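Enquirer: Any chance you can model this:
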Amino acid sequence: MVWTVGLDRLTRPLIKRFKKGLYLVCTHIWKLVSRIVLKMAKSPQTWCFVVAFIFTLLAMKPSGFSSSRNVDPIPMPQRVFQKGSPVLEFSDGNMVAVEELLKFREVDFVMVMFYAHWDGTSLSAAQEFENVARKMVCKDVKFFAVNCWWPYGVCARQRVLNYYPMFTLIHQTLGELEYTGLLKEKSMTMFLQRVINPFTFIEDKQSLKLFSAEHDVSVIAYFNFLPSLNGTLQEPSGFVSFFKASVRAVVKDPINPIVFGIITNNQVARSLSMIRSQDTQLRRMLNVSLVYPRHLPYNSKMIVSWAYKHQQKAVKWLVPTLRKSLIFSSLFSKGPTLLFFTPHQEETIFGNNFHLLRTVALDYWNCKNSSNIWDAIQMIHSERQKMLKERNLNGSLDLECCSTLSNNQRIQYLSHYNTCEVCEHSSQHQAIQTNNCKVNSAIFSKSLEFFGTRIFSGPSLCLNWLNNYNPFSEIRVCCKKVDLIGRNRYSQSIHACSCNGGMNTEAIFNPNSKEKFIDNIYRKQSYSDAHRWSEFTGLGCKTNKTLDFYAIRSDMFWSIAEHLGLRKSKDDISTSVVIIDKQYEMQHVLQPTTTLSVDSLQNFILKFTNDDLQRFLRSSAVPDVGVPHQGVSSNVFIQEVTTETFHQIVLNNTQDVMLLYYAPWCGLCFRIFHLYLSFAKLLQNVGLHEVLVSRIDGDANDLPWQFSVSTYPTIIFFPVGQANNSVKLPEKEQITVLSLVKFTLKHTTQSI
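Expert: Now for the predicted structure:
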């Protein structure tokens, strides 16, 4: 008992001290919390941050503070490729199985698709990928697909992908190479075919000419394959590096890569000053060829880097990416640019319009009258003519039949005359037979009757008109002035002339020859060097308005052409040519009714160089509604105006016009639309028909500079017949129905 009382006396002071200390601590904490709360009250952002932080901590544990509840795992994703597909799929992201298969594979190349099963682009690309696999099933390529998003898979843990899908080409020695081309069946198939056969064997001079004509830039090497003791050919030094370089070149640019060729003929190699095995050259059509420096290591990466660093192409392919890009902004900032929208089929090679543009671009940059360029143009023309003839047998392509007008009695008194070539261009509705190319005699009669002696005695010229005898053909006459002194006035020879001013007075063409399907520019193939030079040849070095040439596949990117205001023809042909000059904010378009040819492209470029082209104005589709003031539709309160109807509606001579400039992305425009509509209804209700209320989408319609605006919304009043006295509603003026009425009454020219 005594012990208990003693213990109580000892602990009682301690308890009092503990309570006092606890009270002081709680008081201090309370004051601290009070100060924090007062400061947070003065700064609501801090208070919101603390509350959000607390709720974030709570949300990190879905079951609250109790850990007894288990989270359900993410379900296994479904397969993207069906059973029986040539694509071997690993929907669980099992990269270990893929790596094991790669170790024991019997092929050189493996194409792997890394995808996410929920991604729309992956799903659409999967179908294209499967079609490629079915086409290449007999080739030395295997196709795998791995779900690299599945969080429990090995692929998701080993690889970090910035986008889906990603395609990778795996080679035994080159490793992994990413495919960055178009996610289309034809593009991927062509890519794999190029990878499997990355170079071309050049066995003779004709093969070399054809190879050079097809490509502006190429890398060729000479390798001496010597036989070994067992009868097989030895692999020459540097051959493996050259092979790897050709594959890397395709991977670097899947759309339009630098091509590689191997010369196996000793004589062909010596004609190019390639004497020793492994000699490598970069052949450039627009510049001198380069020899691979011997001091550089002969490996694949160095060869590809050297080739792409010094390449020069007359026409480049422009492939917009699927993501936002500044490719067009940087492109147009360099200077005037010619964009050529055309469908493209890789397998037809020279039959594509791309090579038509190439011939024009090569002639445009032929500043030194290079014989190599002329040989390439001749070869391209020859190959195109072969394809034209083959297709024409099936009636599937337009062709031209040309002949020369002979001298006529009505020009005997002249001291000079014009030798004129008449060409009839027939469409696919009436194809010209290759074995019976003969211009209708009615064309000759019409030429003489329509133009008289002017066509023979005037200056050199080219004229086009439609053939009244055939609704599916067009006639072109090109004339060249010839002096009669020292010449036989009644010679029966047929001389070729072209619209570019060149004429071959040496070559005589047989009138009965079948080879009369002649594209005018290719008459130059038989010119002597003295006659090759024309106004267009080398134009790129004679003007300060130099053009860059780009081709865009219209079958894939026609939406870009539509954004530029271009439209398909009535025959649904998606081919168009446009020149964009950003410096002067000008855009020029080759008329859709113009027949696409070398002549038309050259004339279009010449007119641009000489500032003889009108500015192209984009226009949205013309609405089908009638114009109220013409009594067509009384229910139309606001008339929609486009570029094509601007002069007809706004600049008419019958009534005043109130025009609202707006844009689809303009928020303020949408806020005032109901006010503008109420104003239009008010004018209709009070019978004030002397003022037409209209609007125009300024973002989709280009107008002449004097009628363009820089801000939206903008309201301009156009008095009848006084476009120069148009008045703009002040920007400080608040847009209301009353303000619009006052503005109209103040500036109207009609008696109210």
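
Enquirer: what's the burial count for residue 641?
Expert: 26 (other CB atoms under 10 Å). C-beta coordinates here come from the backbone N, C-alpha and C atoms, glycine included.

Enquirer: and if you look at residue 19?
Expert: 10.

Enquirer: Let me know the pLDDT of it.
Expert: Listed pLDDT for residue 19 reads 74.

Enquirer: measure it to residue 26 for me?
Expert: Separation of residue 19 from residue 26 (CB to CB, to the nearest Å): 10 Å.

Enquirer: What of residue 539?
Expert: For residue 539, the distance to residue 26 - CB to CB - is 92 Å.

Enquirer: Looking at the two, which is more packed in?
Expert: residue 539 (21 against 10).

Enquirer: Need the pLDDT of the more buried one.
Expert: For residue 539, the model assigns a pLDDT of 88.

Enquirer: How about residue 322?
Expert: The model's pLDDT for residue 322 equals 56.

Enquirer: can you check the one 5 residues further on too?
Expert: Note for residue 327: predicted pLDDT of 76.

Enquirer: does residue 339 sit in a helix, a strand or a coil?
Expert: strand (DSSP: H, G, I helix; E, B strand; the rest coil).

Enquirer: again, but for residue 580
Expert: Applying three-state DSSP: residue 580 is strand.

Enquirer: From residue 649, how far out is the nearest residue to residue 587 once chain neighbours are set aside?
Expert: The spatially closest residue to residue 587, leaving aside those adjacent along the chain, is residue 616, at 4.7 Å (CB to CB, 6 or more residues apart in numbering). Applying CB to CB, the value for residue 616 to residue 649 is 21 Å.

Enquirer: what bits of the stretch 351-500 of the chain have low per-residue confidence?
Expert: For the stretch 351-500 of the chain, the stretches flagged by pLDDT under 70 are 390-500.

Enquirer: Oops, could you answer that again for the stretch 1-150 of the chain instead?
Expert: 1-11, 40-42, 44, 47, 59-72, 104-106.

Enquirer: Mind doing that once more with 80?
Expert: 1-23, 25, 33-75, 96-108, 137-140 (pLDDT under 80).

Enquirer: Helices of that one, residue ranges please.
Expert: 2-42, 44-59, 95-103, 120-135 (DSSP state H, counting those that start in this stretch).

Enquirer: Now tabulate those in CSV and tack on distance to residue 188.
Expert: Below are those laid out as CSV (distance: least, CB to CB, whole Å):
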stretch, distance to residue 188
helix 2-42, 59
helix 44-59, 44
helix 95-103, 19
helix 120-135, 5
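
Enquirer: out of the ones you listed, deepest packed?
Expert: When you average the neighbours per residue for each of the helices of the stretch 1-150 of the chain (mean count of other CB atoms under 10 Å), helix 120-135 leads with a mean of 18.

Enquirer: just checking, residue 140 touches residue 171?
Expert: No. Taking contacts as CB atoms under 8 Å, residue 140 lies outside contact range of residue 171: 11.1 Å.

Enquirer: more crowded one of these two?
Expert: Neighbour tally, residue 140 and residue 171, criterion other CB under 10 Å: the higher count belongs to residue 171, 16 against 13.

Enquirer: May I see the buried residues of stretch 361-379?
Expert: For stretch 361-379, a neighbour-count test (16 or more other CB atoms under 10 Å) marks 361-366, 370, 372-374, 376-379 as buried.

Enquirer: same check, this time on stretch 722-738
Expert: Buried residues in stretch 722-738 (16+ other CB under 10 Å): 726, 729, 735, 737.

Enquirer: just stretch 593-603 next, same as before
Expert: 596, 597, 598, 599, 600, 601, 602, 603.

Enquirer: so of these, which ones are in helices?
Expert: Using DSSP state H, 598, 599, 600, 601, 602, 603 are the members of these that sit in helices.

Enquirer: Closest to residue 124 out of the residues you listed?
Expert: Closest to residue 124 out of these is residue 601 (35.6 Å), distances taken as CB to CB.

Enquirer: Ends of stretch 88-95, what's the gap?
Expert: Taking CA to CA, to the nearest Å as the measure, stretch 88-95 stretches 12 Å from start to finish.

Enquirer: start at 638 instead
Expert: Will do, 638 is the new start, and the previous item becomes stretch 725-732.

Enquirer: Measure how far that stretch is from the centre of its chain, please.
Expert: 36 Å (CA atoms, centre = their mean, to the nearest Å).

Enquirer: just stretch 1320-1334 next, same as before
Expert: Per CA atoms, centre = their mean, the centroid offset for stretch 1320-1334 relative to its chain is 43 Å.

Enquirer: Now the terminal residues of it, how far apart.
Expert: Using CA to CA, first and last residues of stretch 1320-1334 are 22 Å apart.

Enquirer: which of the residues in it are buried?
Expert: Neighbour count says stretch 1320-1334 has 1320, 1321, 1325, 1327, 1328, 1329, 1330, 1331, 1332, 1333, 1334 buried, by 16+ other CB under 10 Å.

Enquirer: can you give me the strands in the stretch 1288-1389 of the chain?
Expert: With DSSP state E, counting those that start in this stretch as the criterion, the stretch 1288-1389 of the chain has strands at 1293-1299, 1328-1334, 1351-1355, 1364-1365.

Enquirer: What lies in contact with the second one?
Expert: The list of residues contacting strand 1328-1334 from outside it, by CB atoms under 8 Å, 6 or more residues apart in numbering, reads 1257, 1264-1266, 1274-1279, 1283, 1286-1287, 1292-1301, 1313, 1316-1317, 1320, 1340, 1381, 1385, 1387.
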